[in-house]
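Novice: Pasted the sequence and its predicted model underneath.
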Amino acid sequence: MSEWKKEFQYLLDRKILSRDELAYLFGQINSIIEAELKQHRWIPVSERLPEQKNSYCSAWVVARDKRTWTIAQYNYEYARWEKDHSPYDLSMEAITHWKPIILP
């Protein structure tokens with residue numbers, strides 16, 4: 001069991017939390033939530049592109065434009081977004097954000 005889980009369980013087992021303990025508990029919860037949100041946030045393409053997986057493209061990611069999203073990859077060789085290995089999809093030119101596909 002991780003350290004923060006042990007600390008939470010200790011505080012909860014006592015059934016009475018002081019103001020400082022409660023503030024600490026909420027601080028820990030907030031830190032966990034912020035870390036999860038940061039990991040799963042939409043990343044603007046202006047900030048960075050997905051990491052290069054092999055000699056020419058990124059791993060598959062979820063990519064979106066202003067209206068919709070799709071599963072795509074960034075082709076570093078041709079500096080363009082692609083889905084189904086097709087460079088002729090005009091909607092791929094407007095990709096504004098992406099995020100990694102995180103499997104459970």
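Specialist: Yep, it's here. Fair warning: this is a prediction, and the values are worked out from it, not measured in the lab.
Novice: Mind picking out the helix or strand in this structure with the poorest mean pLDDT?
Specialist: helix 3-13 (a mean of 77; mean pLDDT, DSSP states H and E).
Novice: Need the residues that contact that helix.
Specialist: Counting by CB atoms under 8 Å, 6 or more residues apart in numbering, helix 3-13 makes contact with 1, 17, 21, 24-25, 28, 32, all of which sit outside it. Any C-beta I mention is one placed from the backbone N, CA and C, and that applies to glycine too.
Novice: switch to 6 Å and redo it
Specialist: Residues outside helix 3-13 that contact it (CB atoms under 6 Å, 6 or more residues apart in numbering): 17, 21, 25, 28.
Novice: any idea how far the second one is from Ile29?
Specialist: Same thing as Glu21. Taken as CB to CB, to the nearest Å, the spacing of Glu21 relative to Ile29 amounts to 13 Å.
Novice: Using the record, which stretches count as separate domains in this structure?
Specialist: Per automatic domain parsing, the domain ranges recorded for the chain read 3-39, 43-100.
Novice: any idea which element Ile71 lies in?
Specialist: Assessed by DSSP states H and E, Ile71 sits inside strand 69-75.
Novice: mind listing the helices for this protein?
Specialist: Assigned by DSSP state H, the helices in the chain fall at 3-13, 19-39.
Novice: Just the angle for the longest one relative to helix 3-13, thanks.
Specialist: Relative orientation of helix 19-39 with respect to helix 3-13: 140 degrees, computed using axes from the mean of the first three to the mean of the last three CA atoms, to 10 degrees.
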